[in-house]
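1. the sequence isn't on hand, but the structure is:
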Ligand SMILES: NC(=O)c1ccc[n+]([C@@H]2O[C@H](COP(=O)([O-])OP(=O)(O)OC[C@H]3O[C@@H](n4cnc5c(N)ncnc54)[C@H](O)[C@@H]3O)[C@@H](O)[C@H]2O)c1
């Protein structure tokens, strides 16, 4: 069986999640090529060396430019802050490597356009890690809609709510700085529900939105915390928050449906509430990441007197990805979405074609984020730029 050498850039939250994906994938799925965890990359030697040992990498690099030039690496995985995606991806593509890039694809539409162009020119596999597409219940939702079980789709209603910056003394981490993150709730979490909407309902035709920053100053970060990469140590000096705390927008889809989107990191009690509801002429469905093994479905053609939402436990071997794991009901979690993404990526490398979400999908998501920002400036309905 063939192997492909992997080089992963970034070793904190997503670095850990992706490493787990590469460690697990060949133990549960038949993949060809199998990933070989050649090197992980970070700028600080002691940190990246410790990460390599803990996460199961053969070695490490302290400069991504050296990583992408290595002959024993065929796939470069970019799991770094948004301001670095453009440079690292372009370097990897120029070196002829396949690429997996974390979401959102870039920090601006201009960068995303250049990355899409470079990926097309390189002719390699280049995928964006919108991992929530690969929750089995999300795949089932997509199947039900594609099969026409919900009839004509009229409403998409999505929220992505978190609460980790609700405390005003939480420090000014990179996700709160525009030059590093591109935007706040918009690019960090609304990007996920835009991609899910594109996957499940289809292209968004126009948007109009609001963006707010409620806590305008925060203590400057003095050291980065561990764990999920969302924690940090604060100093006494204050700095300006330059991104949105919360973004809300209305959308009209090309297929005729209307949609609402809300993303905030200031919703106390909502830890990682990524949820959507779809209403069609023949039924509805509801998904919530905090109960990701479940899909609620209502069908109007159920017999009279028996109508109501049913909750499907999406772990049956007949469900997407589920047969590779455990017997029905032995539930899956967040980390499995990364294993599924890597499995599909490796299948794509074997087949010589990029699995969705491609860089074009990444660009289309970025174009919606860009249109939302422009609509906030103009106060009017705004169309996303086409690739
Ligand atoms: N798909 C998801 O569910 C999900 C979840 C969280 C984050 N993300 C995305 O993943 C990316 C990383 O986020 P995170 O939460 O892991 O951040 P993090 O702060 O936990 O880690 C960022 C990593 O990037 C490294 N880095 C920054 N610049 C670098 C450079 N020039 N060279 C090498 N390493 C560099 C940092 O050292 C760190 O290891 C972002 O694009 C974010 O939007 C995706």
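-> Structure's in. What do you need? Model, not experiment: these values are computed from the prediction.
2. strands paired with the lowest-mean-pLDDT helix or strand in the chain, and their directions?
-> For the chain, counting by mean pLDDT, DSSP states H and E, strand 232-240 ranks last in confidence among helices and strands (a mean of 82). Here strand 232-240 is paired, per DSSP bridges, with strand 217-224 (antiparallel).
3. in stretch 56-74, what counts as buried?
-> Using 16 or more other Cβ atoms under 10 Å as the test for burial, stretch 56-74 gives 57, 60-61, 64, 67-70, 73-74. Placement of C-beta: from N, CA and C, glycine included.
4. hang on, I meant stretch 277-284
-> Buried residues in stretch 277-284, counted by 16+ other Cβ under 10 Å: 277-280, 283-284.
5. out of those residues, who's nearest residue 31?
-> Set against residue 31, the nearest of the buried residues of stretch 277-284 by Cβ to Cβ is residue 278 (32.0 Å).
6. next up, phi/psi of the closest one, please.
-> Main-chain torsions, residue 278, degrees, to the nearest 10: phi -120, psi 130.
7. show me the beta-bridge partners of it.
-> Under the criterion used here (DSSP bridges), residue 278 is bridged to residue 156, residue 285.
8. isn't it up against residue 152?
-> No. Checked against Cβ atoms under 8 Å, the pair residue 278 and residue 152 is beyond contact range at 11.3 Å.
9. could you tell me which helix of this protein is the longest one?
-> Counting residues, the longest helix in the chain under DSSP state H turns out to be helix 359-378.
10. which positions in this structure make contact with the ligand?
-> 9-15, 41-43, 64, 79-82, 84, 102-103, 129, 131, 188, 229 (Cβ under 6 Å from any ligand atom).
11. buried ones among those?
-> Here, 16+ other Cβ under 10 Å leaves 9-15, 41-42, 64, 79-82, 102-103, 129, 131, 188, 229 buried among the residues of the chain next to the ligand.
12. from those residues, which land in helices?
-> Per DSSP H, these map to helices at 13-15, 64, 82.
13. the residues you listed: which two are farthest apart?
-> Of all pairs in these, the most separated under Cβ to Cβ is 13 and 64 at 17.8 Å.
14. buried set for stretch 289-301?
-> Here stretch 289-301 shows 289, 292-299 as buried, counting by 16+ other Cβ under 10 Å.
15. which of the residues in stretch 134-150 are buried?
-> 134-142, 144-145, 150.
16. and stretch 21-38, by the same measure?
-> Buried, per 16+ other Cβ under 10 Å, within stretch 21-38: 21-26, 28-29, 31, 33, 35-38.
17. ditto for stretch 373-385
-> 373-376, 382, 384-385.
18. tell me the mean pLDDT for that stretch?
-> In this model, stretch 373-385 has an average pLDDT of 98.
19. kindly report the same for stretch 86-96.
-> Per-residue scores along stretch 86-96 average to 98.
20. re earlier: from the buried residues of stretch 21-38, which land in helices?
-> Those of these lying in helices (DSSP H): 21-26, 28.
21. show me which pair in those is furthest apart.
-> Counting by Cβ to Cβ, the most remote pair of those is 22 and 28, 12.2 Å apart.
22. any chance of a markdown table for the buried residues of stretch 289-301, columns secondary structure and pLDDT?
-> As requested, the buried residues of stretch 289-301 are arranged in a markdown table below (DSSP: H, G, I helix; E, B strand; the rest coil; pLDDT from 0 to 100):
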| residue | secondary structure | pLDDT |
| --- | --- | --- |
| 289 | helix | 98 |
| 292 | coil | 98 |
| 293 | coil | 98 |
| 294 | strand | 98 |
| 295 | strand | 98 |
| 296 | strand | 98 |
| 297 | strand | 98 |
| 298 | strand | 98 |
| 299 | strand | 98 |
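23. which one of those residues is nearest to residue 221?
-> Nearest to residue 221 out of the buried residues of stretch 289-301 is residue 289 (Cβ to Cβ; 27.3 Å).
24. for the residue positioned nearest the centre of the chain, which non-adjacent residue is spatially closest?
-> What sits nearest the mean C-alpha location of the chain, by Cα atoms, centre = their mean, is residue 130, with 3.1 Å. In space, and not counting its chain neighbours, residue 130 is closest to residue 195: 4.1 Å by Cβ to Cβ, 6 or more residues apart in numbering.
25. show me the helices in the stretch 51-200 of the chain, by range?
-> 64-69, 82-94, 109-122, 136-146, 178-181, 185, 191-200 (DSSP state H, counting those that start in this stretch).
26. okay, these in CSV with distance to residue 340 next?
-> Formatted as CSV, these follow (distance: least, Cβ to Cβ, whole Å):
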stretch, distance to residue 340
helix 64-69, 25
helix 82-94, 22
helix 109-122, 22
helix 136-146, 8
helix 178-181, 26
helix 185, 26
helix 191-200, 14
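27. looking at those helices, spot the one closest to residue 246.
-> Short answer: helix 185, nearest of those by Cβ to Cβ, at 5.5 Å.
28. pull the residues that contact the closest one.
-> The contact list for helix 185, computed with Cβ atoms under 8 Å, 6 or more residues apart in numbering, reads 160, 243-247, 263-265.
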